[in-house]
Structure formats: structure tokens, C-alpha cells
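Student: fold the following.
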Amino acid sequence: MSDLTGTDHGFVTADEEQLHAWAMFRLVRRDIISPDGERFSRTHMCSPGAVAVVALTDSGEVLLVSQYRAALGRRVLEIPAGLRDVEQEAPLDTARRELAEETGCTARDWSLLGSIHSAPGITDSEVIVYLASGVRFGASQPQGPEERHMTVLFMPLTRAIEEVFGGVITDAKSVFGLLAAERRAQRGP
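Tutor: Have a look, this model is predicted:
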């Protein structure tokens, strides 16, 4: 498997140009030379990355949010998440902060589920996904209009998995996080 992932395998970056920058994102054009000498260009978005949280109650319910996503022009059902937009903040601290801001919840126990690259053909964004258990409720601190109008809900993890396979939950970080949490629950702590 190591030959299929990892190093550049002979691809060399010849040049890189920032085409545009906004907020914490950059649009970059990269000129690349392939192993056989062909020069080509690719454009992608650079991102600070994000975190996501599968938050479980002691009764086995998962915390989900339904919020408007401008790129899709509709509401999306997903696990809580947020950009790593605070410089030098550890990913776990970002996850704790985002969970509290969006939902008002905190958690007793935290562990890493893994990370994903949800769209590697267009962005370098990595989403680090955590499992939070022993959820406790509090007051949310929404940031921006989408969060002020989001709906926070709980459902059994088993039903959330059904919603993944039923095409209701389609967000990549949520699909990964929910499936990873279910697998961990099946294997035990």
C-alpha cells in the first residue's frame, strides 16, 4: 500500500503562484513536472484545515447540526465542525471550542478518530475528526448567520448510520466520523 500513497513519486513542483487570497484561504496555481518530463498546471485552494466532532451522549445518541451551506444552497445535516482559524491553537482545543460555540455542549472524554482529505483534487484541507463522549449541555455561542439559524438535534448513532446509507447525511467528514465512531463502538474502548 505504501507505493499508492505518500511521497511525490517523481512529481516536482516547478513554480507556484498565489492567484487570490481572502480570509484564511488562498487560491494557488502550481506548475508541476511529471516523472516523464511533462509540465502541467493545477489550481487548488489552500486552507488552514478544520476539525469535526462526533459527540455522543451516555445513552448513545449523536449530536448533529442542520445548517445552511452556501456552496450547496441548502441546509446540510452534519456533525459539528469548524475551521482551524485560530493561529497556534491545538486541533483538540479547536474541536472543544467549536463544539461549545455551535451547540453549547462540552464532553467528558475525547479521542482521535482520524483525519480525512475531503476533496484532494481541489483543496489541501485536512479535517481532523474527534470522538467526544459524556456530552454535557450548555448555552451555545453562535458565530455568524449560519450558526445563529442552525438546528441542533440528537439521534441514536444507529439511526445516523442509516441516514448515511440512505443518502440523507452526505457530508464527507460526517460520513467518515459516524462510520468510524460506529466501528469503535463495535470494537469497544
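Student: so for the longest helix belonging to the chain, what's the average pLDDT?
Tutor: Assignment by DSSP state H gives helix 172-187 as the longest helix of the chain. Model confidence over helix 172-187, given as mean pLDDT, is 94.
Student: report all helices and strands that that helix contacts.
Tutor: Helices and strands touching helix 172-187, as assessed by 3 or more CB pairs under 8 Å, 6 or more residues apart in numbering; DSSP states H and E, comprise strand 50-56, strand 61-69, strand 74-78, strand 106-116, strand 127-136, helix 157-165. C-betas here are computed from N, CA, C, even on glycine.
Student: so for it, what gets flagged as buried?
Tutor: K173, S174, V175, F176, G177, L178, L179, A180, A181, E182 (16 or more other CB atoms under 10 Å).
Student: and the pLDDT at the residue nearest to H117 when sequence neighbours are not counted?
Tutor: In space, and not counting its chain neighbours, H117 is closest to E126: 5.8 Å by CB to CB, 6 or more residues apart in numbering. With respect to pLDDT, E126 scores 95.
Student: need the buried residues of helix 172-187 in TSV (columns: distance to Y68).
Tutor: Shown next, in TSV, are those (distance: CB to CB, whole Å):
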residue	distance to Y68
K173	17
S174	16
V175	19
F176	22
G177	20
L178	21
L179	25
A180	26
A181	25
E182	27
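Student: so which of these is the closest to M45?
Tutor: Nearest to M45 among the buried residues of helix 172-187 is K173, at 16.3 Å by CB to CB.
Student: any residues touching stretch 94-111, and which ones?
Tutor: Under the criterion CB atoms under 8 Å, 6 or more residues apart in numbering, residues 51-53, 55, 63, 65, 80-82, 84, 86, 89, 92, 128, 130-143, 147, 150, 152 lie in contact with stretch 94-111.
Student: and for stretch 139-158?
Tutor: Here stretch 139-158 has contacts from 56-57, 60-70, 100-104, 163, 178, 181-182, 185, using CB under 8 Å, 6+ apart.
Student: the closest residue in space to T57 that isn't next to it in sequence: neighbour count?
Tutor: Once flanking residues are discounted, T57 sits nearest to V135: 4.9 Å by CB to CB, 6+ apart. Using other CB atoms under 10 Å, V135 has 22 neighbouring residues.
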